[in-house]
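In: Let me see the structure of the following:
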Amino acid sequence: MDTQAVINKLLSILPQVLILALAGIGALWLSYVIYRKKGGKRSFSPIQIITIFLLIMWFGTVMVLTMFSRGANFEGWINVRLFSGYKSAWYQWSLSEFQLIIFNMLMFVPLGFLMPLLGMKTRRFMPVFFISLAVTIGIELSQMLSRRGIFELDDILHNTLGSLAGYFIMRAIQDSIKQRKLAFKATGLALCIPLIFCLLFTGALAVYHAKEFGNLSIRPAIKQDLRRVEVELAVKLPDEAEPVSLYVNDKIYNPWVGKKMAQVVGESFGLQLEDGNRIEGMNRTWSFTDTSGSRYVFSYSLLDGGWQLYNEAGESVTMSEEEAGKHREFYESWMQSNDILPAEAVFSIQNGNMLRWDMRHSVAAIAQEEKDFENGLIMLTPSPNGRKTPHDFKYFMQENKYVRKVDVISPAQAYEEVLRGNFYMFTNLKKKDLLRIEQYELAYTYDSKGYYQPVYRFIGTVNGEPWETLIPAI
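Out: Okay, here's the model as predicted:
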């Protein structure tokens, strides 16, 4: 979710939050009236009343964002591996993952920022720290028990740090006002947390750009615990491996390629761009409309450089094979003029109404040959009524340039990584599970710098259900 998406989400829930805040203020005011009628002496200043209102609004916003905007799709998941979010962001080299870390801190900045305005007790560090910790743990427990989220130790850390950052900022403001000059000590404390994370991210960038290869998203942020899992190996694994070819593709993890193709597609088919690009995980998307008002979406994948243009209406398109074939010349000419159709691509018509172009190379050939190659497919469904804009256009053709031969670990060494739990699974293995590995094969996958790296694919079953995973070979 990018910044614009977050802003849109906040604006959409603003009415709900205002209603919740007003209801909370009403309940507190009623309690205060009853308290005064029973002889209570304490009064609240206008600043305290405004602060309470803002805190209720903040709490309502957080609850809507973290719980009420989600379905009950999580089965009480718990992640107590500290810094697993950093590992995930590093391996995926994902802007969205880094933004999530920052967003989790920023979300709690208002709590620490506002608490010193409530009174003298909440101007001290320890009360703010424990209140912040209690609130974030309470929210994490609520998410887990309601199955609307995951209880994550990283979230508790980031939420608490965000609240403390807000607290230090407010204390710097209060001390500067009190001293009638800049309070250097308090200001230094206020800058500590932002500076630490600036140094952290700057260091990550420096390390990333200093190394030759990129990061592999197949590496797990959390290892599998195989201590009580039975593992069976039903295939013989060689102890040695020959060097294989390494390739690179400059369109991988390159958002400028996606932006350029979105522009080319829009101009070629007379589409009007509605807004800027949106970040959706590892995809970048653009929205268009044509002259008739039909909406189209262009989506570019950072992971493999593929893209898709599709009509958002999603209506079914039927036409004869002969009609579909008549569109071939136009679209082939368009792709050739934009240098995105390999000369040796094999054409076919699929399902009677889909134009398809294929380029296939076996993994054995890719591993042994020492030359550039193109691989992938293009699938295009023409629009009805003679419109030139495709109804659905999927482009997954990759152009890989040969780099050199590289040494790789053996299948037996890769299997050792499996035994250490260094592989990704959506649902973690549990006690008494049976993992049976029945075969392996060499495969390739892209890293975050566009290198087409060799990997080993292990195939088998978990408790009789199909299973497979990828292990880096370099």
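In: just for the stretch 251-400 of the chain, where's the confidence low?
Out: Along the stretch 251-400 of the chain, segments meeting pLDDT under 70 span 314-316.
In: Got the domain ranges for the chain?
Out: 3-210, 230-243+407-472, 248-404 (the TED database).
In: starting at the chain centroid, how far to the shortest one?
Out: The one in question is domain 230-243+407-472. 24 Å (CA atoms, centre = their mean, to the nearest Å).
In: what's the answer for the longest one, then?
Out: The chain centroid and the centroid of domain 3-210 are separated by 22 Å, computed with CA atoms, centre = their mean.
In: re the thing from before, as TSV, the domains of the chain with mean neighbour count and distance to residue 222 would be great.
Out: All C-beta atoms are positioned from the backbone trio N, CA, C, and that covers glycine. Shown next, in TSV, are the domains of the chain (neighbours: other CB atoms under 10 Å; distance: least, CB to CB, whole Å):
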stretch	mean neighbour count	distance to residue 222
domain 3-210	16	5
domain 230-243+407-472	16	8
domain 248-404	16	18
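In: closest to residue 221 out of those domains?
Out: Nearest to residue 221, of all these, is domain 3-210, at 3.9 Å by CB to CB.
In: Figure out which of the domains of the chain is closest to residue 218.
Out: Using CB to CB, those put domain 230-243+407-472 closest to residue 218, at 4.5 Å.
In: Tell me which residue lies nearest the centroid of the chain.
Out: residue 281 (3.5 Å; CA atoms, centre = their mean).
In: That one reaches residue 96, doesn't it?
Out: Yes - using CB atoms under 8 Å, residue 281 makes contact with residue 96 at a distance of 5.6 Å.
In: The residue nearest to the centre of the chain: what's it in contact with?
Out: By CB atoms under 8 Å, 6 or more residues apart in numbering, residue 281 lies in contact with 94, 96.
In: and residue 468, that's in a strand?
Out: Yes - assessed by DSSP: H, G, I helix; E, B strand; the rest coil, residue 468 belongs to a strand.
In: Quick one, grab the pLDDT at it.
Out: At residue 468, the model reports a pLDDT of 97.
In: Next: residue 168.
Out: 97.
In: so where does it fall, helix or strand?
Out: For residue 168, the host element (DSSP states H and E) is helix 153-179.
In: counting contacts, what elements does the helix or strand following that helix pack onto?
Out: Later in the chain than helix 153-179, the nearest helix or strand by DSSP H and E is helix 184-210. Here helix 184-210 touches helix 95-106, helix 153-179, going by 3 or more CB pairs under 8 Å, 6 or more residues apart in numbering; DSSP states H and E.
In: Check which helices and strands the last one is in contact with.
Out: Pointing back at helix 153-179 there. Using 3+ CB pairs under 8 Å, 6+ apart as the test, helix 153-179 ends up in contact with helix 84-92, helix 95-106, helix 109-114, helix 125-145, helix 184-210.
In: redo that, cut-off 6 Å
Out: For helix 153-179, the packing partners by 3 or more CB pairs under 6 Å, 6 or more residues apart in numbering; DSSP states H and E come out as helix 95-106, helix 109-114, helix 125-145, helix 184-210.
In: out of those, nearest to residue 353?
Out: Of the helices and strands packed on helix 153-179, nearest to residue 353 by CB to CB is helix 95-106, at 35.3 Å.
In: got the angle for that closest one vs helix 184-210?
Out: 170 degrees (axes from the mean of the first three to the mean of the last three CA atoms, to 10 degrees).
In: How about residues contacting helix 95-106?
Out: Residues outside helix 95-106 that contact it (CB atoms under 6 Å, 6 or more residues apart in numbering) are 85, 88, 89, 155, 158, 159, 161, 162, 279, 281.
In: Setting aside sequence neighbours, what's the nearest residue to residue 348?
Out: Nearest non-adjacent residue to residue 348, counting by CB to CB, 6 or more residues apart in numbering: residue 356, 5.0 Å away.
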